[in-house]
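Trainee: here you go, sequence then predicted model.
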Amino acid sequence: MSATTLSLSSVQKSFAMVRVLEAIDLDIAKGERHALIGPNGAGKSTLFNLISGAFAPTSGSIQLNGASVAGLVPHKLNRAGLGRSFQITHVFDKLTVRENIRLAVMGRFGKRWSFLRRGAVWDEIDRETDALIAGANLSPQSETNAGDLAYSEQRAVEICMTVGTGAEVILLDEPTAGMSREETAHIITFIRRITEGRTLVMVEHDMDVVFNLADRVSVLVNGRILVTGTPSEIRSDARVREAYLGDGEH
Ligand SMILES: Nc1ncnc2c1ncn2[C@@H]1O[C@H](COP(=O)(O)OP(=O)(O)OP(=O)(O)O)[C@@H](O)[C@H]1O
């Protein structure tokens, strides 16, 4: 891991008069897998929504590769290299797995299309689509409508779509929510593989997933980052145990 990809400095967010996030400083390195955890209401979703452009911060700076992205609308953030997948799946039910993923990959090539280069571009789009499908172990379902897939498979399609847009930073909101143990194990392996060489930021409640997947973890409590560290540092931190892990909820 080397350069900082995502950098938040003195980020604050208020809704009306209520301050939900305070003094958030966070640097995420290129290639790092970073998890945001914390008790209910700590501000994880709000922070995630600030990073993904759903909300603008009330104050403070958010930089992606050194350029300010605070308050940029999601499609502009996407062009800047940041892709988000949602807690609720956003696949097109009536399109096949291949069509869904291909659409995401095509979007990335949109600006580079020209009449002469078209054939070569289509080949590249097909190659990338196939690679994503194979990487997600979705080849047997590639011609199945996404609406007919199991929930975990739909999430895998959605993650492929996020990666297919070419995003360098992948944001995942509770990628294992609603999954069985078996599905969770499968998706962890998939996420690890597909985010290889990219930066991952995720909100996740399942501690097994967090400790399995993340290089570093930030614990949010009452709108502030209590501590950022490696999974083993987080596990052994007395403040974390007290504020979060010991609360019996997660
Ligand atoms: N749009 C909003 N308007 C007003 N208050 C909000 C809004 N969104 C979130 N909040 C408040 O901000 C606080 C943090 O909420 P947030 O959803 O970010 O926490 P969280 O850590 O993601 O919680 P959970 O784990 O339950 O999803 C909560 O007190 C919540 O009520």
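Mentor: Received, thanks.

Trainee: please report how far the residue nearest the centre of the chain lies from the ligand.
Mentor: By Cα atoms, centre = their mean, the mean C-alpha position of the chain lies nearest to Leu171, the distance being 1.6 Å. Distance of Leu171 to the ligand, given as Cβ to the nearest ligand atom, to the nearest Å: 14 Å. In this view, the C-beta of every residue, glycine as well, is placed from N, C-alpha and C.

Trainee: check contacts around that residue.
Mentor: Counting by Cβ atoms under 8 Å, 6 or more residues apart in numbering, Leu171 touches 48, 51-52, 82-85, 162, 200-202.

Trainee: go again with 7 Å.
Mentor: If you count contacts by Cβ atoms under 7 Å, 6 or more residues apart in numbering, Leu171 has them with 48, 51-52, 82-85, 201.

Trainee: now Ser232
Mentor: So Ser232 contacts nothing (Cβ under 7 Å, 6+ apart).

Trainee: next, the buried residues of stretch 215-234.
Mentor: 216-221, 223, 225-228, 231, 234 (16 or more other Cβ atoms under 10 Å).

Trainee: which residues in the protein form helices?
Mentor: Applying DSSP state H to the chain gives helices spanning 44-51, 74-80, 97-109, 118-135, 151-164, 181-194, 207-213, 231-235, 238-243.

Trainee: out of those helices, nearest to the ligand?
Mentor: Among these, helix 44-51 comes nearest to the ligand, with 3.3 Å by Cβ to the nearest ligand atom.

Trainee: strand partners of the worst-scoring helix or strand of the chain on mean pLDDT, parallel vs antiparallel please.
Mentor: Within the chain, no helix or strand scores below strand 82-85, which has a mean of 74 by mean pLDDT, DSSP states H and E. If you go by DSSP bridges, strand 82-85 pairs up with strand 169-173 (parallel).

Trainee: what angle separates the strand it pairs with from helix 44-51?
Mentor: 150 degrees (axes from the mean of the first three to the mean of the last three Cα atoms, to 10 degrees).

Trainee: how far out from the middle of the chain is strand 169-173?
Mentor: Taking the mean of its C-alpha atoms, strand 169-173 sits 1 Å from the chain's own mean (Cα atoms, centre = their mean, to the nearest Å).
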